Every structure is written in C-alpha cells, then in structure tokens.
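Undergrad: okay, here's the prediction I keep looking at, along with the sequence it came from:
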Protein chains: 2
Amino acid sequence: MATFKDIGIAAGFNILFAVAFLVAFAILRLQPFNDRVYFPKWYLKGLRCSPTTSGLFVSKFVNLDWKSYIRFLNWVPDALKMPEPELIDHAGLDSAVYLRIYLLGLKIFVPISILAWAILVPVNWTNHTLAKAGIQDKLEYSDIDKLSISNIPEASNRFWAHVIMAYAFTLWTCYTLSSEYAKIAAMRLHFLASERRRADQFTVLVRNVPPDADESVTESVQHFFLVNHPDHYLTHQVVINANKLAKLVKEKKGKENWLDYYQLKYLRNPTQRPMKKVGCLGLCGNKVDAIEHQTSEIERLSKEIEEERERVKTDPSCIMPAAFVSFKSRWGAAVCAQTQQSRNPTLWMTEWAPEPRDVYWSNLAIPYVSLSIRRLIVAVAFFFLTFFYMIPVTIAQSFANIEALDNRFPFLKPIIERGFLKGLIQGLLPGIALKIFLIVLPTILMMMSKFEGFLSISSLERRSATRYYLFNFINVFLISVITGSAMEQLNSFLHQSANEIPKKIGAAIPMKATFFITYVMVDGWAGVAGEILRLKPLIFYHLKNFFLVKTEKDREDAMDPGSIGFDTGEPQIQLYFLLGLVYAVVTPVFLPFILVFFALAYVVYRHQIINVYNQEYESAAAFWPDVHGRIVFALVFSQIVLIGLMSTKNAALTAPFLIALPVMTISFHLYCKGRYESAFVKFPLQEAMTRDTLERAREPNLNLKAYLQSAYIHPIFKNDEDEEDDDYPNGKLDESVLVPTKRQSRRSTPAPSKLSGASSPEKLGI
Amino acid sequence: MATFKDIGIAAGFNILFAVAFLVAFAILRLQPFNDRVYFPKWYLKGLRCSPTTSGLFVSKFVNLDWKSYIRFLNWVPDALKMPEPELIDHAGLDSAVYLRIYLLGLKIFVPISILAWAILVPVNWTNHTLAKAGIQDKLEYSDIDKLSISNIPEASNRFWAHVIMAYAFTLWTCYTLSSEYAKIAAMRLHFLASERRRADQFTVLVRNVPPDADESVTESVQHFFLVNHPDHYLTHQVVINANKLAKLVKEKKGKENWLDYYQLKYLRNPTQRPMKKVGCLGLCGNKVDAIEHQTSEIERLSKEIEEERERVKTDPSCIMPAAFVSFKSRWGAAVCAQTQQSRNPTLWMTEWAPEPRDVYWSNLAIPYVSLSIRRLIVAVAFFFLTFFYMIPVTIAQSFANIEALDNRFPFLKPIIERGFLKGLIQGLLPGIALKIFLIVLPTILMMMSKFEGFLSISSLERRSATRYYLFNFINVFLISVITGSAMEQLNSFLHQSANEIPKKIGAAIPMKATFFITYVMVDGWAGVAGEILRLKPLIFYHLKNFFLVKTEKDREDAMDPGSIGFDTGEPQIQLYFLLGLVYAVVTPVFLPFILVFFALAYVVYRHQIINVYNQEYESAAAFWPDVHGRIVFALVFSQIVLIGLMSTKNAALTAPFLIALPVMTISFHLYCKGRYESAFVKFPLQEAMTRDTLERAREPNLNLKAYLQSAYIHPIFKNDEDEEDDDYPNGKLDESVLVPTKRQSRRSTPAPSKLSGASSPEKLGI
C-alpha cells in the first residue's frame, strides 16, 4: 500500500504537470497568432477579429508587451467575473447549467469534507488496530489507512460515528440535490418563457405516417391534421431524404476550396500556372492545368447537384413518412405533442420537434418495428462491449500495483523499489492506462446511439452519456476495486457468490483509496489543466493554418472551438461524485482531492465556455434529470457498499440502521422525479396559453405561416436557398445584423454585447 | 417422494369433492327457493322474478318436476352457448375479457402439452438414471420422477431436446400472447367506440387545485379552465367531503328497514303492537312502542341529515381541492387528460375521470406529498407482510412432506405409513394449509391499496391483484419450492448465496412436482367446483331470508351476487400459468392437471358470469396489460429456472443457448408494451374527433351541459335527488324502462333481452 510519501510524489508530479499546463496556457493565450485557438467563441459571435495592431510585423505573432505577462493569471478572475444571467445569454442555458454540476460538487462536498475531517478523521486516527496488526501479522499498512475506517477495531462502538455521518451526508446530499433540481427546473422554465419566438415552440414532429394508396405523404399529413386538429393546424414540412445530395454538396465545396487555393497560388506567382495530377490523391496520372480542371469539376458537380435536387424534390421515394407539423399556437403544438393521435400508437407518433439545428436528419425515417430491433441489438452490443473491454483493463490494472508486481516478479524488485521510480510508476501508470482505453470509447458509444435511432443531437449525447457512465462504473470503478484487490488477496477473493458482492467491494474500497487518489490527480487535476491548454486544437490549427488555409473563410473553418461534450464530460464528473460519496465515510482523506478537482474544473470550464466552446444546440438543460439520477445512484451505491463494509467489520448491529438509508434515498428520488422531472419533459398548457395570449396582444398581425414555412427545411436546401437569396431562415431568429459576420471576420471590433444567437452556419445542420 | 398411487388417491379425493360439489350444485340450482342465489344477475337486470308457479305450496320451495333432474348437467352447454358479443352486452367487457384469461391458458397449454407428451415424455422415460441411482445410492424416486427431467443422466445430449422444446414453448407462448393482446386491444377500442355517450368520456378529474386566497375552489377551477381551455371547457363539479352525511343516511336507512319490519309484524298480528327495548342492541332498557320509536328516530335523523346536507353544501372546509371538469367534446377531454396543465406538475393534476360508479370517493382529496409518503409506507408494510408471513407457511409446509416427517420423527412412522392415510395427508394437507393462510390476505391488501390513495375501484383491484400475485409468488411458490427441498436435502441447501438461487430452485423444481399437483387439485379442481356451489352465499341468503328479510327490497339486498373479484381471482390464475410454464419442460406430467383446471374454471366462471356475478364497474379490460405482464414474467422466470437446472445437470453447453431466451422474451414484452399498451392508457384524438363529429351530425341540438351537470355528484346526493324527483342521472345511461325494475322485482318475466346497463343502485356508490 502506498505511503504518504508515494502519494506526495505522485501529487507533486501531477501538480507539476497541472502548473506547467496552466503556465503554458497563460503564455500561449497572450500570443496574437494563437488568438483564434483560445478565443474562438468571440470570433464566431463576430465580436473579435484577427489582431492587426499597428507596429512591428513580429507583434502580429508574438506578444511583446511584457506587462501582459505579469498579469498572466488574470484569466481566472476574468472567467469568474461574468454573472450567470449574462453567461446564459452568452453561451446558452445548457452551458450555464453544465457549470452548475461542478458547483453542485462543491456544494455537496465542502460541508461533507469539513464534517468528515472534524469528526471521522480523529475517530479513525486514535486507534491502534493497524499498528497492532502490523506487529502481529506483519500486515503492511500506510499512513492513509490509519486515517481510514480500516483503523477501527472490529465490532467497535466507534462505528456508530460512521453510521451517524452516513446519515448526515445523505441528508445533506439529498437536500442539496433537491434544491438544485428545483432551481434548475425554474431556470429552464424561465429560459423557455423569456425566449424569443422559436420555430420549435410551434412545431411537432410526426413520424410513421401510414402509407396511403391514394394520397401522397404531404396530402395525408395535411388531411389528418386538418381533420383532427382543425382549429390549430397551420402548415407542415415533409422530411426529405437528401443524404446523397448532401454528399455532392460537400464534394463541391472541397473542389471550390482547391480552386481558391490554386487561384491564390497563381496570383502570387503569375509566371507559372499551377498544375495537378488527376490520378489518385494527386500523386499519379496526367498533369493538367489545375485551375481549369477544378473549374470543370465544379461545373460537373453543380450540374449533378441540380439534377439530384430536382430528383429529390419530385421523386416520391425520397419523401420519408415523417413531417414537421406546425400549429397556429403554442397551445395547439403542446396538445399535439403530448397526446396520442391514432388508434395504433406506432402510427402518427408525435413528439416535440427539436430545434432545427438540433435535428439529426438521417434518423427521421426509421419505422417503429425496426426501432425496437435496433434497441435490442444495441443493448446486446453494449453488454458485450462492456464485458469484453474488461480484459485489457484488467491486465493494465494488474501492473498498477507495485507490491503485487513485486510479489509476482521478484526479479523486478531492485528496479522498481527505487523510491523515485516507484512513485512515478505508481503515480502515473494506472491512471494513464485507463485513460487510453477510454479515449476511443465515446465514438463507439455515439455510433451506437445513432444506430439506435434518436432524432436529435442532444438526445444522442444524453444516451451516449448514460452508456459511458455505466461503462465507467463497471470498467473503471468496479473492476479497479475488485481486480486490484483480487491480486492483493491472492485469489482468496475469487470463487465467491453474488450476494457477497457488497461485502467484497466494501472490504476492498478502503484499500483502493490510494489508487483512486492518483486517478483523481492524473485524470482530474492534470487532465483538466490539459483541457485549458487545448494542445490538440492548438497544433491542428497551426498545421491547418500553415498547410491548408487558403482563404479567410478557411481560417474560420480551421478554428475548432469544440463544445462541452456532454457525452464524455458529464460521466467523468459523475465518476468523481461516485468516488467522493463512496469514500466520504470510508476514507475521508480522499475528499480534499475531489474538492480540488471540482474547484479547478469549475474555473477552467467556465473560462472555456466563455471563450472557447461553441454549443451546437440548445436543449434548455434537458439533461438535468440524468445528472440528478446518477448522483442518486452513486449515493445509493455508496450506502450499499457501506453496509457491506460494516458487515465485514462485525458491526452487524449497525446494519438495520443503514438499510433505511437506501430506502429513504430511493423514495427521495421518486419524489423528486414526480415533482420536477415533468418540467424537462412536458410543456404545460398554462405556459403555452400565457405566451400565446401575450403574443397575440403584442403582434396581432404576425404572419406566423411565413415564419414557420421554411424553418424545418433540410439544411442542404437551406444553405442553397441562403446562397441564392440570402434570406437565412435560421431556427433561432438571429439578429440580422449578426448573421453576415459569420461569413467573414469583420475588421472592426465592436464592444462585446450581450446579444446571443451563437453558432456558426456550418454547425447548424448537424 | 409420492408415487403414482399417492397421486391417484389424492386425485380420487379431489375428484370426489369436485363431483360432489357439482352434483350438489346441479340439484340445488333447480330448487325455486335457491333461485335468487344461483341466478341473481337476472334478478338484478329485472329479467327474472321470484318463481310463483300456480300449484302446490311446496313447489314454491322444492322442484318436484323429476324431468328437470335428468337434465341436471344442462348448465354446462347453457354456459357455453351464449356468444361473446352477447356476453359483452350482458355482463360487460371486463367479464368477457376475464374469461379469455382461462381461454388463453387453454390456447397456450394444449399445444404445449401435446408437444411435451409426444417428445419430452419419451425422451425422459427411456433412461435408467433413477433406477441405477436407486440401486447404488438407495435413492427413493417415484414413477413421476421417471417421466421428468430428473431421469436424464448428467451431461447427456438428450438435454438438447429440452432446450429445443424450451424454444418452441417460448415462441408459442409469445405468439399467443401477442395475438391475444392485439385482439383485446381491438375489443377494447371497439367497445369504447360503440358505447353510448357516457359522462366519463367528457370528463377529466382535476386534483390538487391550489388554494387561492381570493377565490373559492369552484371559482378557481372555472377561471383556470376558461383561460387555458377556452374553446372546450363546459362545466365542472367540485368534489365534496360527504363522509359524515353518508354515515347518517346509512343509519336512517337501517331505521327505515326496522320500521318496515315492525309495521309488517303489526299488520300480520294487529292485536299486539310490537314493542322494543331502547338499550344497547335492544336487549335492555325501557320497552317502548317500536313503530313510534322508529318513526321518531327517523324524523330526528332526517333533520340531522338535512342540517348536515346544508352544512356540507355551504361550509368551505367540506369542499375538497378536486373537481370533475367536463368538456364540450371528447376531443377537449382527451386533450386535457393527456397534457400537463401547470408549471408545477403536482398542481392541477388531470387524469381521465373514472366511471361515476367506479369512483372511490374517499381518496379524492389526498395531496401529492402525502401520496408519496403513503406509497412508501405501504411498500414497507407490504415488504414486512410478505416476509413475515413466511414463517407460518414454512412451518405448515414442513409437515407436508411425509418422508421428511418420517426422517424427523421416526416414532410417527407406524401411524403415517398406512397407505390410505398417507395418501390422504399428502393429498390434502399442504394445499389446505396454504389456502387457509391466503383467505384473510386479500382484505389486508385491499386496505393497503385504499390507504395508498387510488381513485377508482378498478385501480384499487388492479393494485391489490399485483400485490397478491407477488405474495403468492414468494410465499406460495418460492417458499414451497425452497423450504420443502431444504428439508429433503437436510440443511445441505441452506447457507448458500444469491447467485445460486436459480440453481437451487432449478434443482428443487422437479422434486416438488407432486406437491404442486396436489395443490392444483385442491385449489384448482375442488376450489373451482366449490365456487359454483356458492356455499357461503347460499347459507347467508337463507339465514337472512329467515331472520332478517322484512320487505321485498330486503330480499333483493339479501342476494349477494358478488363479482369476479379480480384482486383475488386473477393472481390465482397467474399461479397456474407460472406452474404450467415452469413445469412444461421439467415435468410434462404436470400439464394435464393444469389443463383440467383451465377447462373446468372456464366453464364454471362463464356460468357464474352469465347467471351470478354483478360487476360493480366497467373498466373496459383495463387490466389486460397486467395480465400480459405477469405471464411474461412467469415465462422469463421459467427460463431462468431452466438455466439453473441445466447447470446443475452438467449440461453447461446448453446455457448459452438458453440465455438468449429471457433476452428475447423481455424484448418481446417491450415491443408489445409499445405497440398495444397505450390502447389501455390513452384515448387517441382521432377516435375522439370521429365520435364528436358523428354525434354533432346526429344530434345537433344536444344539451350536453344538462347531461353532464350532475353526473359526478356524490352518490349520497344522487340518491336523495333521485328519491325526490326520480330523475336518476346514472353514469351509464340506463334505459329508463329498466331503471324502475331495480327498485322491485317485476312479476312478469320478459324474454331475456340484449340490453346492458347492469348494476344495482346500492352498488353504485362504492
């Protein structure tokens, strides 16, 4: 088991890394040529332009103002300064609420840490169980174990302190959770109510329109809703399968970029016309004049696109049995979204339309039967993914424990035992091994969710997050606990049965504290500090800038602002909640490490959200029920583990008192679900009616039909129409002043305004 | 273990009982003085009257027509003759669908039995495992075990036959289940569509109306719905707490009956005025003139009732924060029932109003927070009930196994071992012991459901049925399997862990076949035959008739037609589904016993539904999703048990093939749920609109408001109004011709008509 010294070395390394990242960031962000890497959000909003200070040429790239280096830590107060309402305006409710998850972590764990250090640490410390066992059985133990529950003798009355603390922690967590749920439900409703008119407020997505021999889909939809919602139906937009068209348009765009590039090249060096090989990848084949070649290619593609567009518009096989139906009032849409339309619940399925930019177009036409089969396939695939992934993780984990390694391979002892190296290995190896395994995973999980047939990007991300959390729970948490311990206890652990699992985990939990402390430092501290450095986007931006950027628009494309990444970020935070709640009673020493993570991550992500990330959609914090549910799950799990641990300590008397905890927690969860969840799922008619009435009073002559007509056109058609007549029908009514700035960075720098309306046009579609 | 002979003796006894019951029934039902016991349904419908044949006085009580005795088994074809649509008209959809559960049992188990006997029985029989083991280890075995899976040697390839059969049985069961679900969903929708106008089609129950300082509840409701459903709101009816009034009215009714009785007595014997003691129970105190006393009492009560009625109508504390809100169209009601009204989902909660006669009035005012606490309390109470009930059942069970008894108490051997007595004990004891435990239970479970706050009698019964099934599953099925086996295997069984449970049950299942066969015979065969005899109602009717019946109306009250009793009946059937599915692969000998039960019960209950039971409400088969779900549960359970059994037989190779079964079955269930369940929960807008349009075309001048105004008045007020102006606003628009017949049996016997409109007015309230 690791000693304080080992932990100290590991902490030192990780703090070193974290500080190095932060210093590097502080310096790099001041360089003008990195400006687009560290402040892309402002560029996308059109509120910042490429720095062109008068003066030296070099000052275009390197910041020579030494004063700014003195204030290099200024970003921290800057990040914290922006008040929450302005943050919501600036980056959307999703981002603001996402930050509140970190805050929630602090709210839960700061009082818990104080209580635990004030009461549990002295209770654990003033025993000599481990010291005695160390003498008698030559049991190795570390100082950290002396502060943990392991140091309490069996069947001691001191366990009552832990039971009381478990109650206190549970009550505090539940209180914080429910007040947070109430707060966020209120924020969501306020956000929805105070928003401007949006197409999705009036629109419902209808799927599985039944085929009709006599009518086309559009006629069928129109008739159905004219009959069944006669007072409310306004218009509709049939969903068109334009995947091939989208591919062609993409190809054409690439060619256009190349054309720009060659023309630029020719302009710079007019003596030589640029040539190009037409073979594969431009490496072989005949040389031709590049500009002419690209021009002819573009012409060909334009023709094909025109043909395909005509085909898509007229060919009935391209029309999917789905439609976006718009209503005259929010009330009508709310009614249609929440009710069942037809006898057969798998036909005429209605649900709220996602925001136009949130729609995941490819999945709109999946029939009901296929959906349930897909769900089954994905469930089975996820099961196998989860349980076969375990094998490599287990192998990596088994190397993570130096003592075990020593016992297994005694010849390695002299090498490993050198203090410094030992600390290094123990500090970095296990965390990194795990991290590598986890990098490729989110992509697979997202593919699964897409295959499963969700209709909006936000729901795809939520589903992926759920899977990722499950995966983390089983393969990072459980397997780390059990396998590591299995090695320590030399097979005595295996061959046990299912209801022993809480006991097994409970007994192993205190022993794995050091492992998870290093994990928190590597993944949490250094990882978060690495996030703010944005090493990957930094390198990629400069590579692209050097080799590929031909036009100003390309430079804009080369920026990779990224987004919060709910599907990977949130499960990671949840792992910390789980660790914190599990170790709160068992090894209170653990808690400060978690606190540092939450505080650091809060500052870093607040900075990133303000300056970097560009959220692709706005789901108005629809993810909160998931966040809440997972914290409750972690709480219940920690209680069950504690029961298991207590029963191995011959403190059986405490068990009946502890069993009430999960029961209480689960009923607390059910209460919260009933009380708050519907705010995230349904849209109350009262709200809808209020807004309708207000709007009717304010704008009696509003032409809603014109407004809604083209809101849900496939993004391919949208962009084209946009190019043709520049009448951009964006889902969120962006200020028309702001829209042009998206095309090309303006040279003037207006003062930052509070106006929202965020994303880039390229991001709107998918 | 029981031999064929033991089973034969037990079967003989039970068949004897069953036949005795049936013969007794066949004779008793022909006696005119039992007419009201065996044909109450027809009396209540006013289609049959007390037999007053001209002729001998004695023929009023005893049937002297010897010819009718020859045709005494005629009730069987009579019961089967009525076609299903007429049955639905006659007894309602609930009853007709309830019968289909038995039919479903036959549909599932007839082909399974044939297959099992054709394939599995020969496969099992042609082995000598048990015979060999019997010689080697002196293992006792019975002939029944030779037909079961126990007779297959370990790791035999013959197990593949069982695996294939498990697949065949699963596929067949799923196919039958899904086609039945589809059929019943269609029946329900057809029934709802073809029904006459009913108040609950237009009405929504609103609960948790928030208190308003400036408005009364009724104003608040009116304003809210006028604002939020301006085009559809019609009228509403506030719920009034009239429990005290109901008590007073009941008291008055009792006194009126006594008055009738004394007046009758005085009429018969005018020489002596009837006297009565005024003390407790009429046994002590001063003697007074009975008629005068009762008259004055009635006057006093009438006055009190009048005062209480005034108080209830004016006192705001009697007005509950709930209301029945009626709409102008079915569409409007469907919309309101399916949507969320207010920001806070626990206020203005809307749901479909139950039928007026289905409403459980006392629970209408429970606030949301109290509801979730009640749910928690009931869940905990049910947990304790389930697991402390086990103790007596276990003790009774341990006596059920003669061999175990022999081993434990060798001195009993000479007594028990007498062949006949042995069969008797083994045949009757275990079943009866269990049955007695189960008699008191439904009342407790119903009290729990009432406490939990359900709003309609049908949902109370559904919830009780779920609990009863769980109870049966754990305390009848599981404990019988495990405890009995624990005795046989002499403690080797205890002290095992959780994931061994399928193995444990799987291994024990074949050994308990004989126990469950006797259980089926006692509970199923003799029990069902006892049901048709109606011994308890028969005795009670004649007792009441002799001692209490004073008026013709009392005679009507003395009839106790009962109802199906979904809360106890359905879980009982489900136990047979469970047993049948579990034993289908393991001990196919079991299946014919189940088949006999289903066939007998189908005939008996069909007869009872036609002639006896009087359903108190009509939920249009809302219980089917529960029925379906429990059969699926039994199927999955049987598959898991089979996996456990196979793994104890060293047939591990078959496990991967079997694991796919529960996965398939569960996804089948999810598919069915998505496809059909909503037909039982929601009301599609298309249907609503169709019916609205039709009605508007047919009756353009319908005064709906007048029709709905008083539909949801508390039954207490209803009865009073009814007495006053005889304008009976029944929920189901009964033919006005039929209504008066409920008051007094008509002397003429019209031909049975197909008109529905069933229940007695006394039954409407609760």
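TA: Here it is on my side, so go on.
Undergrad: around chain B, which positions in the stretch 301-450 of chain A sit nearby?
TA: Listed as neighbours of chain B in the stretch 301-450 of chain A under the rule CB under 8 Å from any CB of the partner chain: A:334-335, A:338-346, A:348, A:368-369, A:372, A:375-376, A:379-380. Where C-beta positions appear, they are placed from N, C-alpha and C, glycine not excepted.
Undergrad: mind running it again at 6 Å?
TA: Within reach of chain B by CB under 6 Å from any CB of the partner chain, the stretch 301-450 of chain A has these residues: A:Val335, A:Gln338, A:Thr339, A:Gln340, A:Gln341, A:Ser342, A:Arg343, A:Pro345, A:Thr346, A:Ser372, A:Leu376.
Undergrad: equivalent analysis for chain A, please.
TA: A:189, A:228, A:335, A:338-343, A:345-346, A:372, A:376, A:497-499, A:667, A:671, A:675, A:678, A:682, A:684-686, A:689.
Undergrad: give the contact list for the residue of the stretch 1-150 of chain A found nearest chain B.
TA: Nearest to chain B, among the residues of the stretch 1-150 of chain A, is A:Leu93, at 16.6 Å (CB to the nearest CB). Listed by CB atoms under 6 Å, 6 or more residues apart in numbering or on different chains, the contact partners of A:Leu93 are A:Phe191, A:Ala620, A:Ala621.
Undergrad: that older thread, can you flag the buried ones in the residues of the stretch 301-450 of chain A next to chain B?
TA: Neighbour-count burial (16 or more other CB atoms under 10 Å in any protein chain shown) applied to those gives A:Val335, A:Gln338, A:Thr339, A:Gln340, A:Gln341, A:Ser342, A:Arg343, A:Pro345, A:Thr346, A:Ser372, A:Leu376.
Undergrad: for the second one, which non-adjacent residue is closest in space?
TA: To tie it back to what came earlier, the one meant is A:Gln338. Once flanking residues are discounted, A:Gln338 sits nearest to B:Thr339: 4.5 Å by CB to CB, 6 or more residues apart in numbering or on different chains.
Undergrad: next, give phi and psi for that neighbour.
TA: With angles defined as degrees, to the nearest 10, B:Thr339 sits at phi -110, psi 160.
Undergrad: what about it, distance to B:Ser362?
TA: From B:Thr339 over to B:Ser362 the distance is 27 Å, taken as CB to CB, to the nearest Å.
Undergrad: same thing with A:Ile164?
TA: On the measure of CB to CB, A:Ile164 and B:Ser362 end up 41 Å apart.
Undergrad: so for stretch A:232-239, mean pLDDT?
TA: Mean pLDDT, stretch A:232-239: 87.
Undergrad: now the helices for the stretch 151-300 of chain A?
TA: A:159-194, A:217-228, A:243-268, A:290-314 (DSSP state H, counting those that start in this stretch).
Undergrad: helix or strand next in line after the one helix or strand A:Phe598 maps to, which one?
TA: Assigned by DSSP states H and E, A:Phe598 belongs to helix A:591-611. Sequence order places helix A:624-648 as the next helix or strand after helix A:591-611, per DSSP H and E.
Undergrad: following element in sequence after that following helix, please.
TA: Taking DSSP H and E, what comes next after helix A:624-648 is helix A:655-672.
Undergrad: packing partners for that next one?
TA: Helix A:655-672 makes packing contacts with helix A:159-194, helix A:624-648 when contacts are defined by 3 or more CB pairs under 6 Å, 6 or more residues apart in numbering or on different chains; DSSP states H and E.
Undergrad: quick check: buried residues in the helix holding A:Phe598?
TA: A:591, A:593-611.
Undergrad: give me the neighbour count for A:Ile474.
TA: 15 (other CB atoms under 10 Å in any protein chain shown).
Undergrad: who's in contact with it?
TA: By CB under 6 Å, 6+ apart, the contact list for A:Ile474 reads A:Thr386.
Undergrad: does it sit in a helix, a strand or a coil?
TA: What DSSP: H, G, I helix; E, B strand; the rest coil gives for A:Ile474 is helix.
Undergrad: how far away is it from A:Leu575?
TA: Distance, A:Ile474 to A:Leu575, by CB to CB: 12 Å.
Undergrad: overlap in contacts of these two?
TA: Common neighbours of A:Ile474 and A:Leu575 (CB under 6 Å, 6+ apart) do not exist.
Undergrad: right, I'll call it a day here.
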